[in-house]
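Visitor: model this:
(2 chains)
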Amino acid sequence: MDKVKKRLIVFGILAAILILFSLVAENFAPNDPYETDVTIARLAPGGDYPLGTDSLGRCVLSRVLAGARTSIFSALALVAITFVFGTVVGIVCGYFGGIVDSVVMRFVDILLAFPSMILAIAVAGILGGGLFNAMLALGLTAWTVYARLARSHVMAIKEEDFIKAARINGNSKVRIMARHLLPNVIGPLVVNATVQIGSTMMGIAGLSFLGLGVQVPAAEWGSMISEARNYFQLAPWCIWGPGVAIIATIMIFNCLGDAVRDVLDPKRKTVE
Amino acid sequence: MGSFIGKRLLQLIPILLGVTFLTFALLYLAPGDPAQSKLLSQGAIVTDEMLENTREDMGLNRPFLTQYFSWLGDLLTGDLGTSYHDDTPVSDKIGRAASATVQLTVWSMIITLLISIPLGILTAVYQNKWFDNVIRMLTFVGTSFPNFMIALMLIYVLCLKLELLPIVTSGGGIKGLIMPVTTLVIMQSSKFIRQIRAEILEQMSAEYVLSARVRGVKEVVILMKNVLHNSMITIITMIGLSVGTLLAGTAVVETIFSWPGLGKLVIDSISYRDYPVIQAFVVVMATVYVLINLITDICYKVLDPRVG
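Guide: Numbers count the residues shown, from 1 in each chain, chains lettered A, B, ... in the order given. Alright, predicted model coming up:
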């Protein structure tokens, strides 16, 4: 087996373990992640609290574990939703063309004129924070990439003989799109989706850090860091716990993204 | 050339109309209506009568499109409305903050390029040697760090451990620029070095390089004259595309380091529910972004006459 595929398998397994672990991580928490006790506020790491305690005396390790599911699944869900939505829009626009296509694509052009994170900050800010609003704000522009990719690939193949043959055989338009176009355009879209996981995670954490994402007291890595920033000098460990967790997670998903790209899209290989 | 720029400028008009329309519509995302937002932002206790008067004052009883066009008209004359929070002109606030953000972004971009171009070339030339491996490792780590973590780690090392710099440098000045610029430079160069390295490697394997080598042209000359020149298009695209992330990065970095720029202004305005400032921020940022992309396209045309 060649090196590239081996890398894909290694990081695929790592990512799968991470995802599965995040589902049950809360059960491994040594203490109650939400129980506050100011008499043990800001304890340095050690003893009953391996990663220390925060300003309300909550166990940092327990909160990191409890936050894993929110941090990881919010990013995965957002990528999945934008991927499906963008792909469907792109295939439909590419296949039918015409006025709907023009209107949707002009709309996409307009959305792409906004720097995505800037628009997300404004939208999340106006909607008033919360995980759902933060995801909505980031999703507003994220789907356009898939729509554009899917559309251009569909346009390139929709006049091919096999599509014509399918049409002559009496397949419905929906069936042609689902059975013949989708499998042929999905490769680059999957690459893009995997590459986006890391940056989506960064986006959600960034909004949470600015106070526009997950709200306290819910445990989520970005908002834990945002809260702990206020007493950074007194208890830097409150940042290191969630900080290391988020960096490690992003690294694994970035490696996975690179590996998927190298296997599925050898032309745009990361130069070794 | 002139007609090319003219055509591109014409194409901008519908985009900017769409951008301003969406931005104007943002206001209606807020819970309640703008009159309620304004009163809440000033800390008033809202009564129905006050609400109705404020609506009349703000022209909210007019049809939506009329409101949009009057807002757009004001925008074109540089009037960005008045702040809900303290009734001062938004353009004053934006203007003051913009210069701080421009300082931050321009310095970050200059230093990023000064670091990334030589390192990108060197890693490509010493491909798979220890120097390349170390830099590649570092850039990989750098791209996996959220910008706020870079900033917090800098604070930890430079301010808390080494005590080289004060944590809060209010009011700006060169000293206040060091940390925010360093954060943005780390964030940007990690991406740039990787991309420049990949581009140089690709150019080096092109046939014109081989033919120059065969003719006995010195390696340094090939690199500096041909390869670098041909890589410029990629580098310029990279700069154009990165402006969006850079501008968003300033929002985080300015908040952390209390740098009085647009990013800090918008985060503060969000907490006051001062929507006209948020709107103005989005319009200004999107316009800058669109214009930079236009300049990128013009640069292509200058560098590569084949681009139509």
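Visitor: and the host helix or strand of residue A:199, anywhere near chain B?
Guide: According to DSSP states H and E, residue A:199 maps onto helix A:182-209. Yes - against chain B, helix A:182-209 shows contacts by Cβ under 8 Å from any Cβ of the partner chain at A:198, A:202, A:205, A:206, A:209. For glycine as for every other residue, the C-beta is placed from the backbone atoms N, C-alpha and C.
Visitor: Can I get those residues in a markdown table including pLDDT and neighbour count?
Guide: Converted to a markdown table, these look like this (pLDDT from 0 to 100; neighbours: other Cβ atoms under 10 Å in any protein chain shown):
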| residue | pLDDT | neighbour count |
| --- | --- | --- |
| A:198 | 93 | 24 |
| A:202 | 93 | 25 |
| A:205 | 93 | 32 |
| A:206 | 93 | 26 |
| A:209 | 93 | 28 |
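Visitor: Give the buried residues for the helix holding residue A:199.
Guide: For helix A:182-209, a neighbour-count test (16 or more other Cβ atoms under 10 Å in any protein chain shown) marks A:182, A:185-186, A:188-189, A:191-209 as buried.
Visitor: One more: stretch B:85-102?
Guide: For stretch B:85-102, burial by neighbour count (16+ other Cβ under 10 Å) applies to B:85, B:90, B:91, B:93, B:94, B:97, B:98, B:100, B:101.
Visitor: Report the next helix or strand after the helix holding residue A:199 in sequence order.
Guide: helix A:221-228.
Visitor: what's near enough to touch the residue of the stretch 51-200 of chain B found nearest chain A?
Guide: For the stretch 51-200 of chain B, the residue closest to chain A is residue B:144, as judged by Cβ to the nearest Cβ, at 4.2 Å. Applying Cβ atoms under 8 Å, 6 or more residues apart in numbering or on different chains, we find residue B:144 in contact with A:198, A:247, A:250, A:251, A:254.
Visitor: and the helix holding residue A:199 with helix A:221-228, angle?
Guide: Angle, helix A:182-209 to helix A:221-228, by axes from the mean of the first three to the mean of the last three Cα atoms, to 10 degrees: 10 degrees.
Visitor: In helices, which of the contacts of residue B:144 fall?
Guide: Within the contacts of residue B:144, residues falling in helices by DSSP state H are A:198, A:247, A:250, A:251, A:254.
Visitor: Hmm, residue A:61 is touching residue A:47, no?
Guide: No - if you go by Cβ atoms under 8 Å, residue A:61 and residue A:47 don't touch, sitting 11.6 Å apart.
Visitor: Looking at these two, which is more packed in?
Guide: residue A:61 (22 against 8; other Cβ atoms under 10 Å in any protein chain shown).
Visitor: Please give the element, helix or strand, for the more buried one.
Guide: Element membership for residue A:61 (DSSP H and E) is helix A:60-96.
Visitor: tell me which residues in that helix are buried?
Guide: A:60-72, A:74-76, A:78-79, A:82-83, A:86-95.
Visitor: just checking, what packs against the helix or strand following it?
Guide: Once the chain leaves helix A:60-96, the next helix or strand it forms, by DSSP H and E, is helix A:98-112. Helices and strands touching helix A:98-112, by 3 or more Cβ pairs under 8 Å, 6 or more residues apart in numbering or on different chains; DSSP states H and E, are helix A:60-96, helix A:131-157, helix B:2-26.
Visitor: Run a quick neighbour tally on residue 147.
Guide: By default, I'm working from chain A. Using other Cβ under 10 Å as the criterion, residue A:147 is surrounded by 26 other residues.
Visitor: my bad, chain B
Guide: When neighbours are defined as other Cβ under 10 Å, residue B:147 has 24 of them.
Visitor: Can you verify my assumption that it contacts residue B:183?
Guide: Yes - if you go by Cβ under 8 Å, residue B:147 and residue B:183 touch, sitting 6.3 Å apart.
Visitor: roughly how far apart are residue A:162 and residue A:156?
Guide: Separation of residue A:162 from residue A:156 (Cβ to Cβ, to the nearest Å): 13 Å.
Visitor: can you count the residues close to the closest residue to residue A:53 other than its chain neighbours?
Guide: With Cβ to Cβ, 6 or more residues apart in numbering or on different chains as the criterion, residue A:53 has its nearest non-adjacent residue at 4.4 Å, and that residue is residue A:43. Counted by other Cβ under 10 Å, the residues lying close to residue A:43 total 18.
Visitor: tell me the contacts of residue A:43?
Guide: Residues near residue A:43 by Cβ under 8 Å, 6+ apart: A:49, A:52, A:53, A:57.
Visitor: Top of those by number of neighbours, please.
Guide: Neighbour tally across those (other Cβ under 10 Å): the maximum, 27 neighbours, falls on residue A:53.
Visitor: Up against chain A, what does the stretch 101-250 of chain B have?
Guide: Within the stretch 101-250 of chain B, the positions lying close to chain A (Cβ under 8 Å from any Cβ) are B:128, B:140-141, B:143-149, B:152, B:155-156, B:160, B:167, B:197-198, B:201-202, B:243-245, B:247-248.
Visitor: Secondary structure element for the residue most central in space within chain B, which one?
Guide: Nearest to the geometric centre of chain B sits residue B:247, at 2.2 Å (Cα atoms, centre = their mean). Per DSSP H and E: residue B:247 is located in helix B:228-257.
Visitor: Please work out the angle formed by the directions of that helix and helix A:221-228.
Guide: Helix B:228-257 and helix A:221-228 are oriented at 50 degrees to each other (the same axes, to 10 degrees).
Visitor: Helix B:228-257: which residues count as buried?
Guide: Across helix B:228-257, burial judged by 16+ other Cβ under 10 Å covers B:228, B:230-231, B:233-257.
Visitor: Please apply the same query to stretch B:119-137.
Guide: B:119, B:120, B:121, B:122, B:123, B:124, B:125, B:127, B:132, B:135, B:136.
Visitor: Is it possible to get a markdown table of those that adds distance to residue B:107?
Guide: Formatted as a markdown table, those follow (distance: Cβ to Cβ, whole Å):
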| residue | distance to residue B:107 |
| --- | --- |
| B:119 | 18 |
| B:120 | 20 |
| B:121 | 22 |
| B:122 | 23 |
| B:123 | 24 |
| B:124 | 26 |
| B:125 | 28 |
| B:127 | 31 |
| B:132 | 28 |
| B:135 | 22 |
| B:136 | 26 |
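Visitor: about what we covered before: with residue B:111 as the reference, measure out to the residue nearest to the centre of chain B.
Guide: As judged by Cβ to Cβ, residue B:247 and residue B:111 stand 17 Å apart.
Visitor: Equivalent analysis for residue B:25, please.
Guide: To residue B:111, residue B:25 is 38 Å away according to Cβ to Cβ.
Visitor: pLDDT below threshold where in chain B?
Guide: Scanning chain B for pLDDT under 70 picks out the ranges B:167-173, B:307-308.
Visitor: longest helix of it?
Guide: Longest helix in chain B, counting residues (DSSP H): helix B:90-125.
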